[in-house]
Each structure stands twice: as C-alpha cells, then as structure tokens.
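*Asks:* Provided below are the primary sequence and the corresponding predicted coordinates.
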Amino acid sequence: MLQEPNGHIDWIDVSELMLEQAKRYLRETNLEERNKVISFIEMEILDYLSTLGDNSLDLVIMKYTFEHIENIDQLFSLLSHKLKKNGRFVATLSSLSPQLKSSSTNARFLYNGQEFPLDETREMTDGDTFTIRFYKQSGNPSAGHLEGAETTKYYHSENKMKDLSRKYNLDIQVGDWKEIEGVSQGNLEQLSLGVLVLRKR
C-alpha cells in the first residue's frame, strides 16, 4: 500500500508521551526512513476520523484502544463513511467475556467504579465500565497499587458490535485472532487475543 503513489500512515494517539515513544522506537531500530510515510498526530480518534473526507481510508488499525471508546455507535458510523469500499478496520479486544473477575495476579478490578469481593465475579452489560488497578508486586495485593497505573474501559458485547455492523452495512468478524479468516499465525499460535474486523461493503 505504501509503495503506491501517495501511500501514507497517520499514527494517532491522545498521549504526546506515547507518540514520542513511537518516534524513539523508529530511531532506535534504524527505521527512521518510515517517517517519510508516517505523520504523528495527537488527537482523539473520533475527532480525527471526523476530519477526514468520505471514502478516504484503506485500513484502520486500533491496538488496545477500542474499549476506551464509550460511543462505539459513533465509531461504526464514522467508519462506514471514511473507509473505502472493501476497506478494513482491525481492533484488538482485551476480552469478549462479559464476566469480570475481581482480581488477577497483576491487578484488582472495579465494576462501574466500585470494588467487589475477591471471590466474586460481575456480569457486565453494554456500557458498563471496568477499572484496572495494577499491583506494585505481582501476586501481592497487600503491597498496594502502582500510582498512576490505573485505567478504565467500557464493555461492549459481541451482540452490540454485530448489531452496529448491520446498522452501518459493515461485514464483521469477531473472536480470537486465530479464528479470523485470512490471519497468518506464524509461530504465535499460543497467543490468545480478541480481534474485531470490519469491512466496508
């Protein structure tokens, strides 16, 4: 794609720090020539998509971001306009399960901003939030939490994603990445990761 005339990548992030990390990675891995085709833009993804012309995108890749978007109806609507015909959107999903455990080895989970007992789970519905507080020491909740290492995400069910794909005339595949048609596994077949793929008809 980038070898074609005017091939280009916009790298979008709301964090100036993360954009600087990306630039540093290119420098330190001797990939600086890629800067010729990459623009780094500090902006919210929905705001960015709103600035684009219709039928202007071949591919959108969203990594570790989808669950941070509250209004996925707006996201699907924008994608239905901004993607070219047969253009694709690919996003990683941290989990497709509606069940939220109260803790893991590395973190404590809050359901809609509230802690709940360690021996319980919560059944999430569309629009619920889950907050992750990371422990200072893996497997040791009594050591406390890392300051500033807390993130809140929104739960979006597979059914909601499928309903929105029909609403906006998008083909959809959702599940573990190894189940997605056309994905090459290479030597990563043991890695479990949820993936959402949309294609504009």
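*Replies:* On my side now, so go ahead.
*Asks:* and Arg34, that one's in a helix?
*Replies:* Yes. Arg34: assigned to a helix according to DSSP: H, G, I helix; E, B strand; the rest coil.
*Asks:* can you tell me how far it is from Glu115?
*Replies:* For Arg34, the distance to Glu115 (CB to CB, to the nearest Å) stands at 44 Å. C-beta: built from backbone N, CA, C; applies to glycine.
*Asks:* report pLDDT for the residue lying farthest from the centre of the chain.
*Replies:* Using CA atoms, centre = their mean, the residue of the chain lying farthest from its centre is Ser142. It sits 30.7 Å away. Note on Ser142: pLDDT of 85.
*Asks:* for Asp10, same thing?
*Replies:* Value for Asp10, per-residue pLDDT: 95.
*Asks:* before we move on, what about Lys178?
*Replies:* Looking at Lys178, its pLDDT is 73.
*Asks:* burial check on it, number of neighbours?
*Replies:* Neighbours of Lys178 under the rule other CB atoms under 10 Å: 14.
*Asks:* how about the contacts made by the closest residue to Ser157 other than its chain neighbours?
*Replies:* Nearest non-adjacent residue to Ser157, counting by CB to CB, 6 or more residues apart in numbering: Asp126, 5.3 Å away. Asp126 sits next to Tyr155, His156, Ser157, Lys160 when contact means CB atoms under 8 Å, 6 or more residues apart in numbering.
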